[in-house]
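**Student:** based on what follows, work out the 3D shape:
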Amino acid sequence: MSVKDLRQFAQAILKRHGLNDDDARIVADAVMEAELRGRPAHGVIRLPGIAERLASRGRAPMRVARRGGVCTLVDGKGNLGYLVAQRCARTVAEKARHGGIGLVGAFDTDHCGMVGYYVSLVVNTGLICLMACDASPRVVPWGATEPVLGPNPLSVGFPFSGGQVLIDLSTAAVTNGDILMALKTGRRIPDGCALDAEGRLTTDPQAALRGAALPFGGHKGYALGLVVQVLASALVGAAPVPRPGENYGLLMLALSPTVFVDREVFDRGIGEIVRRVKGARRVDPATEVLIPGERAFRERERRLKEGIAVEAEVMEELEKLLR
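**Tutor:** Predicted structure coming up:
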């Protein structure tokens, strides 16, 4: 399907379920960027869940709960995480452009999709950005079988002359979206990523949904997930261990590359880092060394030209949302 047609289809679904034109565009842009960058687990497969959330809750306008210096705290008022994160991205970028640094938190929101999308919006303005989000318990602490932490994504982005260095990762070995995608398409999930309800390793997506995900990278991923949980919940007044879809939190930090040095110094430094990384001796001379985000942006260019393939099972479910 062409990108234009899929975007219009997504917007039509969102408007059918109660969003106005502007909000439908914001949410559709977020899920479409996930599709374009090769992250379908955060793409249109999320629309049924979004429609369900819109039907089950009222909406009040977001508001600024606290403001001081470089910091702003946003009360999401139960709005979709996509909308709250978009507002936070605009706010944190504005603060950093004017004062060199911006720090924005939000509470009382829910799932916002691919966090790297919002970070890349800020990086596109020439700023450095970090974003952390929490979610309902899906990940076990290292050595446990009970989920306490969320998948807790973390994204960091840096501008450079060739585009962006964009790190975007979940601290879970397998995300809910990946499990959901496997379930809908009849596939297994990778081995060593999830537990069933009895705490046994499983590759069955249905069993994994009833159980929990492991942290990526063992105890190191667990520790990083714990950091995200604190920053995106306790620090901003969100639920420390939220129930599904209720009072999630997020934190965004933006920095001007000129807070310590002239822009030319920063540009020269990051350019040298990227050059050395990409020029490092390779395991396989035929395989290119990529910087974080490079594969996703190349995939984006390809899909803009060739269109996006949506699984038949997913498209069938989406079509039901317009009936």
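**Student:** quick check: domain ranges of this protein?
**Tutor:** 1-56+294-323, 66-172+215-278 (automatic domain parsing).
**Student:** how many residues are close by Val31?
**Tutor:** 26 (other C-beta atoms under 10 Å). Where you see a C-beta, it was placed from the backbone N, CA and C, and this is true even at glycine.
**Student:** try Arg282
**Tutor:** Neighbours of Arg282 using other C-beta under 10 Å come to 11.
**Student:** test my guess that it contacts Val289.
**Tutor:** Yes: counting by C-beta atoms under 8 Å, Val289 is a contact partner of Arg282 at 6.1 Å.
**Student:** so what touches stretch 285-297?
**Tutor:** Residues from elsewhere that reach stretch 285-297, judged by C-beta atoms under 8 Å, 6 or more residues apart in numbering: 37-39, 116, 120, 157, 163-168, 274, 277-280, 282.
**Student:** point to the helix or strand of the protein where mean pLDDT is at its lowest.
**Tutor:** helix 176-185 (a mean of 88; mean pLDDT, DSSP states H and E).
**Student:** check which helices and strands the helix or strand in which Ala132 is found sits against.
**Tutor:** Assigned by DSSP states H and E, Ala132 belongs to strand 128-133. When contacts are defined as 3 or more C-beta pairs under 8 Å, 6 or more residues apart in numbering; DSSP states H and E, strand 128-133 packs onto helix 81-99, helix 115-123, strand 154-160, helix 219-229, strand 248-255.
**Student:** where do the strands sit along the stretch 1-150 of the chain?
**Tutor:** Per DSSP state E, counting those that start in this stretch, the stretch 1-150 of the chain carries strands over the ranges 63-68, 71-75, 101-109, 128-133.
**Student:** ranking those by burial, who's on top?
**Tutor:** Highest mean neighbour count among the strands of the stretch 1-150 of the chain (mean count of other C-beta atoms under 10 Å): strand 128-133, with a mean of 26.
**Student:** sheet partners, orientation included, of that one?
**Tutor:** strand 154-160 (antiparallel), strand 248-255 (antiparallel) (DSSP bridges).
**Student:** quick one: name whatever helix or strand follows the least confident helix or strand of the chain.
**Tutor:** Helix 176-185 is succeeded, C-terminally, by strand 194-195 (DSSP H and E).
**Student:** contact partners of whatever helix or strand comes next after that following strand?
**Tutor:** Where DSSP H and E defines the elements, the next helix or strand beyond strand 194-195 is strand 201-202. Strand 201-202 is contacted from outside by 189, 191-192, 194-196, 208, 211, using C-beta under 8 Å, 6+ apart.
**Student:** just the buried residues out of the contacts of stretch 285-297, in PyMOL syntax.
**Tutor:** To isolate the buried ones among the contacts of stretch 285-297 in PyMOL, judged by 16 or more other C-beta atoms under 10 Å, type:
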select buried, resi 37+38+39+116+120+157+164+165+166+167+168+274
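**Student:** between the helix or strand harbouring Glu313 and helix 176-185, how many degrees?
**Tutor:** For Glu313, the host element (DSSP H and E) is helix 312-320. Counting by axes from the mean of the first three to the mean of the last three C-alpha atoms, to 10 degrees, helix 312-320 lies at 100 degrees to helix 176-185.
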